[in-house]
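[1] pasting the structure only:
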């Protein structure tokens, strides 16, 4: 009988270990997003989703890459000295959240202006306000180092945001693997 | 010995509870999609994926937002009275599934017409047919209330679809958190 | 007491089965991507993510569909005889990785050329090099049969890639359901 008990105990220990291993592989209550687009509509969508998820108690990570990167520039900060390519990217890409345009119906800026005034009228938060809200809700922002380097952006140009993290795709993938929800926007 | 047995039993009860808690956190056999785009090609892709998943027995939720919203308008329904902005959006955005255009090679509508005739020739279901199929397969359609409000669309303009649900991003996120697969299209 | 032991054993067997069932439903350490876009920037992003994930030990599946399909054409292979539509698609869509363009700032090809030379200068791998790396890292490539059929592409035109698989959306969904991370690019 004692032998039978020992067997049961060791089998239960096995179950316990199997269970713990599985628990370790369960994704966290987290949302990871790649923000690839630099269009106002998609950036808005990503912040609506991010702040919505954070308000529901989820951890949120936004990884800004490619056209999403210039959205995080601070229009009040100087660009510093850049090479020719860096200057070109610097001028052609929107300088910060207030300068991004709609992907459709932009109509030389008219559509974007209309959309912004419409949002105000309908009491929808502006992109700048949503970014403030994201900050308050501890949404984490990662910036793709390769994009920064390609486009010639410097860290001194970027917005002040708590724990703004410059990293590569591997860091994002680690977060994504541990997330219940992942989106590429 | 009796004591040892009691210990085993209580430990097993613990395991059981841990297991049940984990089971509750396991995502359902569900697919959640944000349909942000209003381009024919992406809308087609979203319905191909939605109906494919539903046919495989998955639960499917599509959350239509931003440019995706006008695709759900019914071209036969009157728009009713709208303010100036609402009228502009109403006219500039496609009125329903038959009016959406390709994101590329639209060529003033020619490319879209060609693609549609090609799909017919190759026996690929049209968007309207896919939406019918989605209906039959119980694909759930959610519509973003904020987009409706911004673009001035009214519920009376939208297609008849079983249990068409008007909601916010929080409702979508709840579904996404409980889904094995999530996509932003 | 023997009876109590038997009860414990049968209850433990139940737990074991419940645990095994859950383990079977846990997604694999896998990344599944729909590569819908045919833009250089998004294709680059998808390969950066794919090779990054594979280097981290994840299994990676890329499902090329719609505008993503022509990227997999081999520019050195003849197109063979096609009907009128097939010829048109064949000519209008980029022939392989070296011919894809940026989604923004393409500027009649100038922006794309600049971006490519910039990538070289900054030691970022070119798309062709990333595809070679993907091959070495055993990234799996699936091609959407419906897109091939619609665009009139033939298997003989496509690149040589180990185990290149032509399939439908169902096959992709099976992989996605079993993946920790899914993205639509």
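    Ah, there it is. Quick caveat: nothing in here was measured; it's all calculated off a predicted structure.
[2] Three-state assignment for residue A:162, please.
    Three-state assignment for residue A:162 (DSSP: H, G, I helix; E, B strand; the rest coil): coil.
[3] SS state for the most centrally placed residue in chain A?
    The centroid of chain A falls nearest to residue A:62 when counting by CA atoms, centre = their mean (1.2 Å). Three-state call for residue A:62 (three-state DSSP): strand.
[4] Any idea what it is bridged to?
    Note on residue A:62: beta-bridge partners by DSSP bridges are residue A:33, residue A:141.
[5] Tell me who's in contact with it.
    By CB atoms under 8 Å, 6 or more residues apart in numbering or on different chains, the residues touching residue A:62 are A:33, A:35, A:46, A:50, A:134, A:139-142. (C-beta placed from N, C-alpha, C; glycine too.)
[6] can we see that at 7 Å?
    A:33, A:35, A:46, A:50, A:139, A:141-142 (CB atoms under 7 Å, 6 or more residues apart in numbering or on different chains).
[7] could I get these as JSON lines with neighbour count?
    JSON lines is the format used below for the contacts of residue A:62 (neighbours: other CB atoms under 10 Å in any protein chain shown):
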{"residue": "A:33", "neighbour count": "29"}
{"residue": "A:35", "neighbour count": "28"}
{"residue": "A:46", "neighbour count": "25"}
{"residue": "A:50", "neighbour count": "28"}
{"residue": "A:139", "neighbour count": "24"}
{"residue": "A:141", "neighbour count": "22"}
{"residue": "A:142", "neighbour count": "24"}
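[8] what's the closest of those residues to chain C?
    Using CB to the nearest CB, residue A:33 comes nearest to chain C of the contacts of residue A:62, at 10.0 Å.
[9] Give me the neighbour count for residue A:122.
    13 (other CB atoms under 10 Å in any protein chain shown).
[10] ugh, typo on my part, it should be residue A:156
    10.
[11] which phi and psi does it have?
    phi -70, psi -20 (degrees, to the nearest 10).
[12] ok, now how distant is it from residue A:1?
    Residue A:156 sits 74 Å away from residue A:1, going by CB to CB, to the nearest Å.
[13] swap in residue A:96?
    75 Å.
[14] before we move on, what about residue A:66?
    Distance from residue A:66 to residue A:1, by CB to CB: 68 Å.
[15] So between the two, which is more surrounded?
    residue A:66 (24 against 9).
[16] I'd assumed residue A:147 was in contact with the more buried one.
    Yes. The criterion here is CB atoms under 7 Å, and residue A:66 meets it with residue A:147 at 5.3 Å.
[17] any idea how far residue A:167 is from residue A:147?
    Counting by CB to CB, the gap from residue A:167 to residue A:147 is 11 Å.
[18] Between those two, which is the more surrounded one?
    Neighbours per residue, other CB under 10 Å: of residue A:167 and residue A:147, the larger number sits with residue A:147, 19 against 15.
[19] Now do the same contact list for the closest residue to that one other than its chain neighbours.
    Using CB to CB, 6 or more residues apart in numbering or on different chains and skipping residues adjacent in sequence, the residue nearest residue A:147 is residue A:69, 4.5 Å away. Residues counted as contacts of residue A:69 (CB under 7 Å, 6+ apart) are A:143-144, A:147-148, A:151, A:153.
[20] Reformat these into TSV and put secondary structure next to each item.
    Shown next, in TSV, are the contacts of residue A:69 (three-state DSSP):
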residue	secondary structure
A:143	strand
A:144	strand
A:147	helix
A:148	helix
A:151	helix
A:153	coil
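[21] got CSV for the residues you listed, with pLDDT and distance to residue A:121 too?
    Formatted as CSV, these follow (pLDDT from 0 to 100; distance: CB to CB, whole Å):
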residue, pLDDT, distance to residue A:121
A:143, 98, 33
A:144, 98, 35
A:147, 96, 34
A:148, 95, 36
A:151, 93, 34
A:153, 95, 34
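[22] ok, of those residues, which one's closest to chain B?
    Each of these was checked against chain B using CB to the nearest CB; the closest is residue A:144, at 17.9 Å.
[23] can I assume the closest one is in contact with residue A:67?
    No. Using CB under 7 Å, residue A:144 makes no contact with residue A:67, being 10.9 Å away.
[24] Which strands or helices does the helix ranked longest in chain A pack on?
    Counting residues, the longest helix found in chain A (DSSP state H) is helix A:2-25. Other helices and strands packing on helix A:2-25, by 3 or more CB pairs under 7 Å, 6 or more residues apart in numbering or on different chains; DSSP states H and E, are helix B:2-25, helix C:2-25.
[25] Throw those helices into TSV and include mean neighbour count, thanks.
    Formatted as TSV, the helices and strands packed on helix A:2-25 follow (neighbours: other CB under 10 Å):
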stretch	mean neighbour count
helix B:2-25	13
helix C:2-25	13
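[26] any chance of these in a markdown table, plus mean pLDDT?
    Shown next, in a markdown table, are the helices and strands packed on helix A:2-25 (pLDDT from 0 to 100):
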| stretch | mean pLDDT |
| --- | --- |
| helix B:2-25 | 88 |
| helix C:2-25 | 88 |
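[27] Tabulate these (a markdown table), appending distance to residue C:184.
    Compiled in a markdown table, the helices and strands packed on helix A:2-25 are given as follows (distance: least, CB to CB, whole Å):
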| stretch | distance to residue C:184 |
| --- | --- |
| helix B:2-25 | 25 |
| helix C:2-25 | 23 |
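[28] Tell me the residues on chain A that lie near chain C, please.
    Taking CB under 7 Å from any CB of the partner chain as the contact definition, chain A meets chain C at A:1, A:4, A:8, A:11-12, A:15, A:18-19, A:22, A:25, A:27, A:36, A:65-67, A:85, A:92, A:146, A:149-150, A:169-170, A:173, A:176-177, A:182, A:184.
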